[in-house]
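[1] Okay, here's the prediction I keep looking at, along with the sequence it came from:
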Amino acid sequence: MLEYDTLRLVWWLLLGVLLAGFAVMDGFDLGVAALLRLLAHDDEERRALLETVEPVWEGNQVWFVLGGGAVFAAWPLLYAAAFSGFYFALLLVLLAFILRPVGFGFRSKLPGARWRGTWDWILSVSGAAPALLFGVAFGNLFLGAPFGYDTMLRLDYRGGLRYPHLERIPGKPDYLTPILTARK
Amino acid sequence: MDADVVTLSRLQFALTALYHFLFVPLTLGLCWMLAIMESVYVMTGREIWRRMTQFWGVLFGINFAMGVATGVTMEFQFGTNWAYYAHYVGDIFGTPLAIEGLMAFFLEASFVGLFFFGWERLSRVQHLAVTWLLALGTNLSALWILIANAWMQNPVGAEFNLDTMRMELTSFGAVIFNPVAQSKFVHTVSAGYVMGAVFVLAISAWYLLRGRNREFAKRSMTIAASFGLASALSVVVLGDESGYTVTEHQKMKLAAIEAMWETEPAPAAFTAFGLPSLAERRTLYAVRIPWLMGLIGTRSVDTVMPGIAELVARARERIASGLVAYDALERLRQDRNDAAAQAAFAAHRRDLGYALLLRRELADPRRATAADIERAADSTVPNVPLLFWAFRLMVACGFYFIALFALAFWYASRRELERHRWFLRAALYSLPLPWIASELGWIVAEVGRQPWAIEGVLPTALGVSSVSAAQVATSLVGFVLFYSVLAVVDALLMVKYARRGPDGLGLWPAAPTQAGHA
């Protein structure tokens, strides 16, 4: 049998590979969906954009499912603490991951402009939201999310649950405002 | 434990699982039928079989998207809403889920893209291989999920570790070869195959009633009839096998399904009809068939099956024994070298879960009064009327499917499917039944497990996260809203494509050069 320390290292490496795989593989799917309305101006262009990822996005999404499964099996404590601690963040990610497959599957099934327009919006939001939420959640992990355990080792979030939130680093240039104002 | 959080979390899990289970069985069944149709195409070279694979593939794709969408929630919900459960048994329960992602979901998700987009780029044999691997992937996926579920029903190969205060894996082989997992897997996938077959049968029958797509529909019906007959027979026979394993491992579930309030002399009678009353603990207006239950449940004439009252008495004893283990555990946490506590814990550890039943109401189970213990023992009885009726309706559907497919098979072999319009109508109106039967099956399996999340190990109420009722209420509303809207859109899209049919979509009859695009 493997020593516990070796096993732990192997799993850290595996999880690193999984997360990197997710970032690379699913990253471009999320990106294409997020930019759908910005880059493409008519239905033909949007279809061309979507077709770049349509055959592969399902396989890419497995990295996300697999990452979740690996954390569950290898670090149940982390799985339990992180996902229930960042409850709303994960809820929003899940809702986005519910809409995305359906968006890819249903969008081009009917010709109507309103039908396609609605799905384009849904795809854009479900592409942009997870990337933003993951960024904010990981940022919060670096800032620290305090929790402890009671006598039965039930999770106890000291000072209440913390939610991922954006925090501006003083002195850094503000790139977000010009992007948001330009679209209006 | 906050009772509202428990209720809302359970409601959310039940609803999201039931929604997920609307789509998954159809995927499981339809993928094999696609593989069979495409195999006929590759073997005979007849274009119509390729077009059939493509047409049913379009409907498969619409359904598949919903299955994937509702499936992601299931995997992460254990962390968001059942954090203590995830922490307590994650080593064991999380492993089959991770393997499912690694081998099965990877397989199906990769090949589903190739299935839809590979028609023009792959050779015939290559594409056929893709379809078979897609079918294999979806079915392997079901296998690993049911291994995880079976462990909740019959937790083998694991042990409580008092240093970490959680369950740890002792034998992965025991978890994989759990007898409950085997019978559950074959029963559940067979139910999916029946659903796929009824789906194809009903839509094809509609075309024949309209006199549309006749060549297409007759061939589809023939495949559905033979595949469906085999599946309907196996779902009932293997469902019986599933019942037999329940007899061994979940006696309370079986007694509740049969509303067997008192232990009867062997072989026990089967209650075919009746109104079980939880309050009075008896079944009103019972119509009973002597001997039948004992024969099905024990496959013998002399093995006694315990009734609910006797099982509650046994639970009471196990709670008392569990309290000894709980007390020893608390002492050991103060002093690991306490020899008396070590001996007591070793002798009573298998009943520790029963002491945890008391923790739903008491912070310290050791302070439990006789009345508390009595209430906890009573709580081991699941919802008898619901189980009684859900089970009977499910079984009735099962026998109906055998009759339906036997007739379909007979008419298909005699090439007279079109002649019996009443039969075509019956086939069309049977469309909702496999969904009803599958959902009822899920209810029997999971409501019957209550009050346990893991039978005899962890009560459901203890498994919840340290979140607030308001949070769970918000997510519950969110899921129900999203799922309901999407399910309606999905159903409308299905109806639209089924109505349009192979003729409306230009798939058959069609110019042979035109590409069938999904």
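    Good, I have the coordinates. Residues are numbered from 1 along each chain as shown, chains lettered A, B, ... in the order given.
[2] what's the following helix or strand after the helix or strand harbouring A:Tyr79?
    Using DSSP states H and E, A:Tyr79 sits within helix A:76-85. Proceeding N to C from helix A:76-85, the next assigned helix or strand is helix A:87-106, under DSSP H and E.
[3] For the following helix or strand past that next one, list every residue counted as buried.
    Next in sequence after helix A:87-106, counting helices and strands by DSSP H and E, comes helix A:113-143. For helix A:113-143, the neighbour count (16 or more other Cβ atoms under 10 Å in any protein chain shown) marks A:115-116, A:119-120, A:122-134, A:136-137, A:140 as buried. No exception for glycine: its C-beta is placed from N, CA and C like everyone else's.
[4] pLDDT weak spots in chain A?
    In the predicted model, chain A carries pLDDT under 70 at residues A:1-2, A:144, A:158-169, A:175-176, A:179-180, A:182-184.
[5] again, only this time at 80
    A:1-4, A:138-184 (pLDDT under 80).
[6] try the stretch 251-400 of chain B
    B:265-269, B:272, B:278-282, B:284-304.
[7] of all of the stretch 51-200 of chain B, which residue lies closest to chain A?
    Closest approach between the stretch 51-200 of chain B and chain A, counting by Cβ to the nearest Cβ: B:Gly90, at 2.3 Å.
[8] Am I right that that residue falls within a strand?
    No. Looking at B:Gly90 with DSSP: H, G, I helix; E, B strand; the rest coil, it is helix, so not inside a strand.
[9] And for it, the neighbour number?
    26 (other Cβ atoms under 10 Å in any protein chain shown).
[10] gap between the closest residue to it other than its chain neighbours and B:Leu122?
    Distances taken as Cβ to Cβ, 6 or more residues apart in numbering or on different chains put A:Pro76 closest to B:Gly90, at 2.3 Å, once the chain neighbours are dropped. Applying Cβ to Cβ, to the nearest Å, the value for A:Pro76 to B:Leu122 is 41 Å.
[11] Please identify which of these two sits among more neighbours.
    A:Pro76 (25 against 15).
[12] show me the contacts for the more buried one.
    Contacts for A:Pro76 (Cβ atoms under 8 Å, 6 or more residues apart in numbering or on different chains) come out as B:Ala86, B:His87, B:Val89, B:Gly90, B:Asp91, B:Gly94, B:Arg166.
[13] If we use 6 Å, what do you get?
    When contacts are counted by Cβ atoms under 6 Å, 6 or more residues apart in numbering or on different chains, A:Pro76 touches B:Ala86, B:His87, B:Gly90, B:Gly94.
[14] Which of those fall in strands?
    Judged by DSSP state E, strands contain none of those.
[15] now the residues you listed as a markdown table including pLDDT?
    Converted to a markdown table, these look like this (pLDDT from 0 to 100):
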| residue | pLDDT |
| --- | --- |
| B:Ala86 | 91 |
| B:His87 | 89 |
| B:Gly90 | 89 |
| B:Gly94 | 89 |
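[16] Of those, which pair is most distant in space?
    Using Cβ to Cβ, the two most remote members of the contacts of A:Pro76 are B:His87 and B:Gly94, lying 10.4 Å apart.
[17] who's more crowded, these two?
    With neighbours defined as other Cβ under 10 Å, B:His87 and B:Gly94 compare such that B:His87 has more, 28 against 25.
[18] So that one sits against A:Ala80, correct?
    Yes. B:His87 is within contact range of A:Ala80, at 4.2 Å (criterion: Cβ atoms under 6 Å).
[19] So which of the contacts of A:Pro76 is the closest to B:Thr53?
    Among these, and counting by Cβ to Cβ, the member closest to B:Thr53 is B:Gly94, at 36.6 Å.
[20] quick one, what contacts that closest one?
    B:Gly94 touches A:Phe72, A:Ala73, A:Pro76, counting by Cβ under 6 Å, 6+ apart.
[21] Just give me the neighbour total for the residue of the stretch 251-400 of chain B found nearest chain A.
    Closest approach between the stretch 251-400 of chain B and chain A, counting by Cβ to the nearest Cβ: B:Arg359, at 7.7 Å. Residues contacting B:Arg359 under the criterion other Cβ under 10 Å number 18.
[22] Confirm it sits in a helix?
    Yes. Checked against three-state DSSP, B:Arg359 lies within a helix.
[23] what's near enough to touch it?
    B:Pro365.
[24] go on, the one 3 residues further on?
    Listed by Cβ under 6 Å, 6+ apart, the contact set of B:Leu362 reads B:Ala368.
[25] how much space between B:Ile319 and B:Phe160?
    From B:Ile319 over to B:Phe160 the distance is 17 Å, taken as Cβ to Cβ.
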